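> Dropping a prediction and its sequence here:
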Amino acid sequence: MADERDETEDEKLDRNWNDMLQELRVVQTGVQLLSGFLLTLPFTQRFGDLDVWQERLYLALVLTAGLASGSP
């Protein structure tokens, strides 16, 4: 399948870079929303009913979401 765009290699790289940045912005918003929801869970009444494994899983999810939202 031939590329029908009339662009130089530099223009193609710039377009691909801009597309990647746009996708990163969308992902970052989703990660921030997920992190916000995760941080509200300890304030619910049922959070005290979790066992040790569930608490560790929750902590791992919070740390993962924090690392994902902190990366550039």
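Everything's here; your move. Numbers count the residues shown, from 1 in each chain.
> who's in contact with Ser35?
Residues near Ser35 by C-beta atoms under 8 Å, 6 or more residues apart in numbering: 62, 65-66, 69. (Each C-beta comes from the backbone N, C-alpha and C, glycine too.)
> Among those, which lie within helices?
62, 65-66, 69 (DSSP state H).
> Could you single out the nearest of those residues to Val31?
Proximity of the ones in helices among the contacts of Ser35 to Val31 (C-beta to C-beta) peaks at Ser69, which lies at 4.6 Å.
> The closest one reaches Thr29, doesn't it?
No: using C-beta atoms under 8 Å, Ser69 makes no contact with Thr29, being 9.7 Å away.
> So between those two, which is more surrounded?
Ser69 (17 against 11; other C-beta atoms under 10 Å).
> Relative to Arg46, how far out is the more buried one?
Ser69 sits 25 Å away from Arg46, taking C-beta to C-beta, to the nearest Å as the criterion.
> remind me which residues of the chain are low pLDDT?
1-3, 71-72 (pLDDT under 70).
> any idea which residue sits dead centre in it?
The residue lying closest to the centre of the chain (C-alpha atoms, centre = their mean) is Val31, at 3.6 Å.
> List phi and psi for it.
Reported as degrees, to the nearest 10, the phi and psi values for Val31 are phi -70, psi -40.
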